[in-house]
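Student: 3D model of this:
(one chain, ligands or ions: 2)
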Amino acid sequence: MGIRTGNEYINALKSRQPEIWLGGEKVTDVVNHDVFRQPVKEIAKLYDLQHDPEYQDRITHICSETGERANNSFLLPRTAEDIKARSEAFEVHARATFGLMGRTPDFLNTVVTNMAGNPWFLDKYNPDWSKNLIEYYNYIKKNDLFLTHAIINPQNDRSKASYEQEDLFTHLGVVEEKPDGLIVRGAKMLATLAPITDEVIIYSFPGFQPGDERYALAFAVPVDTPGLKLLCREQMQDGTRSVFDHPLASRFEEMDAVLAFEDVLVPWNRVFMYNNVEAANLLYSKTGINQQPAHQSGVRGYVKLEFATEVACKLADSIGVDQYLNVQTDLGELVQNVETIRALLRVAEQEYETMPTGEVRPAAAPLETIRGMLPKMYPRAIEVMQIIGAGGLLMSPTAADFENQELRSHLDKYYAGREGVSAEERVHLFKLAWDLCGEAFGQRLLQYERYYTGDPIRKRAIFYNQYKRNKQFTSVEQALAASPPLKKQVTKAK
Ligand SMILES: Cc1cc2nc3c(=O)[nH]c(=O)nc-3n(C[C@H](O)[C@H](O)[C@H](O)COP(=O)(O)OP(=O)(O)OC[C@H]3O[C@@H](n4cnc5c(N)ncnc54)[C@H](O)[C@@H]3O)c2cc1C
Ligand SMILES: Nc1c(O)cccc1C(=O)O
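Tutor: Residues are numbered from 1 along each chain as shown. Ligands and ions are numbered 1, 2, ... in the order given. Got it, this is the predicted structure:
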């Protein structure tokens with residue numbers, strides 16, 4: 001099949017009946033459900049871009065092995081040009097959603113591409129696992145499927161290992177082996193966009209301890225596999241609010257779900273790892289899924305930060321406050337943050353690392369730096385937006401108010417911005433900003449930047465420890481060497 005169209009994606013959703021729970025009810029028609037209708041359309045647009053002559057060659061390539069077209073996120077980079085091709089695809093996808101949808105199909109495509117592109121790692125433990133992964137990669141690429149993933153255990157008691165939780169199967173683990181596969185039970189989170197995807201992939205961030213063997217597993221199943229429940233969080237928009245009043249929230253709600261597996265059968269050919277704490281702890285670093293997906297996240301985060309910065313600038317301009325030094329300083333800081341991320345991305349792409357397998361990866365240090373900085377820079381952009389918009393952010397009338405002829409002339413007068421900015425324009429812009437900096441929708445977007453890549457505190461600590469391990473600190477040694485040891489100096493002074 002190769003690249004799908006938006007319609008093909010939607011038809012695939014229609015052909016399935018996953019068990020989705022939202023607000024105490026089962027969702028039976030996800031495509032036409034108020035909460036999911038528009039997000040489905042936004043994802044469909046991404047699939048359609050692959051067929052748009054303006055974008056096709058920028059975001060897809062002809063696969064040399066199959067002769068079929070595939071998204072560039074399925075390309076395991078082997079040259080600088082491949083990295084560029086991927087970067088371009090990531091950016092096109094991100095710009096289509098202003099970076100507000102983090103788990104668009106390209107994200108997990110990069111994850112599976114890297115797992116399958118490094119079969120040597122799983123081969124060491126069990127050649128069936130790597131064979132299964134390669135087959136799975138070929139399958140999702142051929143059918144251009146959309147995956148969600150859940151790699152974190154539910155919080156429960158974080159001070160205890162999985163096997164120490166009150167119930168052995170609170171966290172997802174293997175119950176038993178059957179002739180046709182594994183029976184798994186328990187929950188995993190935080191599966192973004194799960195209700196509108198085709199497939200679920202399960203693996204984990206490192207952190208397993210001896211005793212956790214049954215939890216040390218990786219597999220993939222269709223989202224409508226019997227026994228799999230998708231437990232959605234409360235929606236942050238109900239799908240009925242006006243696009244004028246909520247220009248972003250009405251379009252880009254990325255639903256998140258806990259995945260609860262109730263004795264689900266995972267066929268053997270979909271098992272990628274099982275019963276191996278060491279392999280589970282090394283999967284993330286050894287197969288490059290700490291690096292290549294971070295490239296996608298970095299590009300998307302850059303687009304989102306730039307968008308938030310532009311909104312803050314337009315907000316300030318619309319009410320004439322960007323003539324003040326304090327406002328200019330805050331906005332300048334945001335623009336410099338955007339430039340910092342852009343520069344880090346370019347360094348990561350140009351100073352790529354070549355693996356013994358021939359794979360090239362954008363450089364780790366700048367990608368890790370983005371990982372560390374975005375969780376601070378994005379909240380800062382939101383704070384600046386709140387400071388600049390001030391009380392005006394709370395005072396916007398609605399589309400219905402503007403449509404009322406009795407009110408209209410009053411609104412046009414009292415809500416106008418600086419000269420040249422009409423009331424409707426200003427209010428529309430302020431509503432867009434409020435979606436980002438006030439609405440629950442915007443708070444989730446902020447929480448996403450803080451945590452999408454794991455715990456930023458522990459990630460930065462790991463980064464420092466790696467830095468220390470690889471660094472000789474030679475310049476400090478050189479500087480110290482210029483002055484003789486203290487004993488000699490004292491002697492000399494005598
Ligand atoms: C909006 C959103 C979307 C997401 N989408 C996905 C997705 O699609 N798929 C997916 O798998 N994951 C997703 N993530 C989950 C993300 O991977 C986790 O949120 C992240 O790894 C942090 O884990 P946690 O939320 O369980 O926090 P916890 O690990 O429970 O941390 C809670 C707090 O305790 C501290 N803490 C916990 N343990 C320790 C420790 N050992 N040492 C020191 N401090 C500690 C942390 O610093 C933090 O402040 C998403 C997260 C968000 C917010
Ligand atoms: N956050 C990630 C994820 O959910 C899967 C794979 C990689 C990452 C990451 O940020 O490195």
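Student: which residues does the residue nearest the centre of the chain contact?
Tutor: With distances taken as Cα atoms, centre = their mean, the residue of the chain nearest its centroid is residue 102 (3.6 Å). For residue 102, the contacting residues are 192, 254, 297, 300, 448, 452, by Cβ atoms under 8 Å, 6 or more residues apart in numbering. C-beta coordinates here come from the backbone N, C-alpha and C atoms, glycine included.
Student: repeat the analysis, applying 10 Å as the threshold.
Tutor: 94, 192-193, 254, 296-297, 300-301, 304, 445, 448-449, 452-453 (Cβ atoms under 10 Å, 6 or more residues apart in numbering).
Student: how near is the nearest residue to residue 139 once chain neighbours are set aside to residue 223?
Tutor: Closest residue to residue 139 apart from its sequence neighbours, by Cβ to Cβ, 6 or more residues apart in numbering: residue 145 at 7.6 Å. Noted for residue 145: a distance of 10 Å to residue 223, by Cβ to Cβ, to the nearest Å.
Student: name the residues contacting each of the two.
Tutor: By Cβ under 10 Å, 6+ apart, the residues touching both residue 145 and residue 223 are 197-199.
Student: returning to that earlier point: so which of the contacts of residue 102 reach ligand 2?
Tutor: 297, 452-453 (Cβ under 6 Å from any ligand atom).
Student: which of those residues fall in helices?
Tutor: Those of the ones next to ligand 2 among the contacts of residue 102 mapping onto helices are residue 297, per DSSP state H.
Student: you'd agree residue 184 is in a strand?
Tutor: Yes - counting by DSSP: H, G, I helix; E, B strand; the rest coil, residue 184 is part of a strand.
Student: separation between it and residue 146?
Tutor: On the measure of Cβ to Cβ, residue 184 and residue 146 end up 22 Å apart.
Student: between those two, which is the more surrounded one?
Tutor: The residue with more neighbours, out of residue 184 and residue 146, is residue 184; 28 against 25, by other Cβ atoms under 10 Å.
Student: which strand residues bridge that one?
Tutor: Beta bridges link residue 184 to residue 174, residue 264, judged by DSSP bridges.
Student: quick one, grab the pLDDT at it.
Tutor: Looking at residue 184, its pLDDT is 98.
Student: you'd agree it is up against residue 176?
Tutor: Yes - the criterion here is Cβ atoms under 10 Å, and residue 184 meets it with residue 176 at 9.5 Å.
Student: overlap in contacts, these two.
Tutor: 214, 263.
Student: against residue 412, how distant is the residue in the stretch 251-400 of the chain that ligand 2 sits nearest to?
Tutor: Proximity of the stretch 251-400 of the chain to ligand 2 (Cβ to the nearest ligand atom) peaks at residue 293, 4.2 Å away. Per Cβ to Cβ, residue 293 is found 48 Å from residue 412.
Student: show me where the stretch 351-494 of the chain has its helices.
Tutor: Remark: helices assigned in the stretch 351-494 of the chain by DSSP state H, counting those that start in this stretch are 364-389, 399-403, 405-414, 423-437, 440-451, 456-470, 474-481, 486-493.
Student: output those as TSV; include the columns distance to ligand 1.
Tutor: As requested, these are exported to TSV (distance: least, Cβ to the nearest ligand atom, whole Å):
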stretch	distance to ligand 1
helix 364-389	11
helix 399-403	28
helix 405-414	35
helix 423-437	15
helix 440-451	4
helix 456-470	5
helix 474-481	29
helix 486-493	40
